[in-house]
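>>> mind folding the following:
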Amino acid sequence: MADNPGAYSSGIYGPGNGPPEPKKEVQPGNDPSYLSAAYLQMSQAWQPVKCCQLGTQYFRENAATFLSQEPREDHDAWLRRVSHAVLPPYLTRMVDQAVGLMLRKPITLQSKEGDGDVDPFWDDFIADVDGFGTSIEAFAKRLATESILTGHAATLVDFPATEPAPNLAIERQLGLRPYFIGPIAAADILGWRAGDDSPIAPITQVRINRYVTEPVGPFGEQIIREILVLSPGAWETYRKGDGGWAKHNEGTTSLAGIPLCVTYSAKVGELISKPPLLPIAQLNILTAQRLADLQHALHVAALPILTISGWDDTDSTIGLSANSAIVLPPDGSAQYVEPASSAFQSQQDFISHLEDQMSNLGLSTLFAQKNAAETADSKKMSRTDSDSMLQIISQDLERCLQDAIDLAGQFLNKEAPKVVIDRDLDLQTLSSEQVNQYQQLWMNGVITIETLLSMLKKGEILPDVDIEEEVEAVSQEKLQSMDIALAGSEPVEQSPSDSPPGKTDEDEGESEARKEVVRRLQKLALRNGNNKEEAN
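So this is what the prediction gives:
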């Protein structure tokens, strides 16, 4: 821009900084770093999102693209304007809120049969899915964040490349277990191949860009770019040397397919997507540009300019302060010139308008929470778009995690459990009137105590408690209260006729505590009846 100060970019890409062009291959057909046509097409939408993701520093470093130099603007003045520019984190904040809402409740595991038990191994596995102590919830948040930003992201399921352990005990002792690698960004999946042109044809090859760190000497290290090539049942790595790219390592897996699981937020095709919040990213950048203009204008015009008529400024230098004055001839005058405040207000109004546009285009219920009273129907209608988007992303994320758990189970020859993500996206808690209505239904015998506690838990009134344990605890408290009420009374033997008709001690699903509650209630009723007869 300094060489051509008259140039002005009207689009997102500045001169010489447009979307990537297909490069000339050094090794035609044998270059593992080759970027596919679909990759190049998707990458055009990644730059605005990347700018918003990396923030102010990236915005300033790429100012020639995002904050172009104005026609006839002095280069030093442009650099000062760039140094004052700040990119507000609207997009990243919106994505964080969306992911936080989707995964605000723990991810649970269930038996695929529905009523079976989950192997305790899987409880330990989801507490550390990548071998670095990352829980499945933390991993899922990173995976969902990357997917929403760029359109899709992937997880690679791997197993240590060692000889199989002779038994499970030694395997656990050695720490041999599958682990997740990721999230793998869409920008790191350089290309892929399918069996044929059919939309349902399986993927037969995927090339992933990655960087590995190797030690150098006793203290140093070097970062090496590596291309991982995956195919069904096999893998290869390539590194670039003096003679170009060459195979560095290779191996096989015990799986028939490629252990790569992909989750989408806006799927277009297999391994093809688009950033769902791209319009928000573009408005975010536009807001940063206007903020830079406003901040620079305030910086330049914050102090008024003194103008003097009838004074020759070549005679001497004027020093201005609160303790000095200027003596002027009779026909001279002096005054301060300052810009109209409406000029700054119009820019501020435009910035506020952009923020409103981001709120309306994005997840409005997440970006600007309303404090005013709304009817239930109004709240439901206002959440329709955002909830449907989050529901789709949540369902696909659950499917991706399920595929990853299934692959881990195949590595271990274990039955994998079912992964469940709670898709209750309603943040509205139960009102006091609704709580009272549920309590009345329970007191009138219309619903059970389990249903009451479940509704209070779902309505964010109760914490994340175990309903069955809570019912048992309540039953025990009732037993203790009855022990106090029955203190001093003679024990009453229970006859078979005292039992409720149709109920036996062998009824399934009825706990011992509940049967004890029934027995003692009957005892209290019998005692009260005897007292009434004696009174008569």
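>>> so what does the longest helix seen in the chain touch, helix or strand wise?
Secondary structure of the chain per DSSP state H: the longest helix is helix 384-412. If you count contacts as 3 or more C-beta pairs under 8 Å, 6 or more residues apart in numbering; DSSP states H and E, helix 384-412 packs onto helix 90-102, helix 136-150, strand 152-158, strand 260-264, helix 364-367, strand 418-420. From N, CA and C alone the C-beta is placed, and that goes for glycine too.
>>> strands of the protein, start to end?
108-110, 152-158, 179-185, 189-194, 203-216, 220-231, 234-241, 244-252, 260-264, 267-269, 272-273, 305-309, 333-337, 418-420 (DSSP state E).
>>> just checking, what packs against the longest one?
Under the contact definition 3+ C-beta pairs under 8 Å, 6+ apart, strand 203-216 sits against strand 189-194, strand 220-231.
>>> put the alpha carbons of it into PDB.
Output of strand 203-216 as PDB, limited to C-alpha atoms (Å, rounded to 0.1, in the frame of the first residue of the first chain):
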ATOM      1  CA  ILE A 203     -14.100 -41.800   1.500                       C
ATOM      2  CA  THR A 204     -11.000 -43.800   0.500                       C
ATOM      3  CA  GLN A 205      -8.300 -41.300   1.200                       C
ATOM      4  CA  VAL A 206      -7.900 -38.200   3.400                       C
ATOM      5  CA  ARG A 207      -4.800 -35.900   3.700                       C
ATOM      6  CA  ILE A 208      -4.300 -34.000   6.900                       C
ATOM      7  CA  ASN A 209      -1.800 -31.200   7.500                       C
ATOM      8  CA  ARG A 210      -0.100 -31.300  10.900                       C
ATOM      9  CA  TYR A 211       3.000 -30.200  12.700                       C
ATOM     10  CA  VAL A 212       5.200 -32.400  15.000                       C
ATOM     11  CA  THR A 213       7.900 -31.300  17.400                       C
ATOM     12  CA  GLU A 214      11.100 -33.200  17.600                       C
ATOM     13  CA  PRO A 215      14.000 -32.600  20.100                       C
ATOM     14  CA  VAL A 216      17.300 -31.100  18.900                       C
END
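>>> what's in contact with that strand?
32-33, 156, 184, 188-195, 221-232, 258, 260, 270-271 (C-beta atoms under 8 Å, 6 or more residues apart in numbering).
>>> equivalent analysis for the fourth one, please.
Defining contact as C-beta under 8 Å, 6+ apart, one finds that strand 189-194 is touched by 32-36, 38-39, 154, 201-209, 227, 270-271.
>>> swap the cut-off to 7 Å and go again
Here strand 189-194 makes contact (C-beta atoms under 7 Å, 6 or more residues apart in numbering) with 33-36, 39, 154, 201-209, 270-271.
>>> PyMOL command to pick out the buried ones of those?
Paste this into PyMOL to select the buried members of the contacts of strand 189-194, with burial taken from 16 or more other C-beta atoms under 10 Å:
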select buried, resi 33+34+35+36+39+154+203+206+207+208+209+270+271
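>>> follow-up on the earlier one: which stretch among the strands of the chain comes nearest residue 129?
strand 179-185 (4.7 Å; C-beta to C-beta).
>>> picking up where we left off before, make CSV out of the strands of the chain and add mean pLDDT.
Converted to CSV, the strands of the chain look like this (pLDDT from 0 to 100):
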stretch, mean pLDDT
strand 108-110, 90
strand 152-158, 94
strand 179-185, 92
strand 189-194, 91
strand 203-216, 92
strand 220-231, 93
strand 234-241, 92
strand 244-252, 90
strand 260-264, 94
strand 267-269, 89
strand 272-273, 92
strand 305-309, 65
strand 333-337, 64
strand 418-420, 92
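>>> tell me which of the helices and strands packed on strand 203-216 is the most buried.
Sort the helices and strands packed on strand 203-216 by mean neighbour count, taking mean count of other C-beta atoms under 10 Å, and strand 189-194 sits at the top with a mean of 18.
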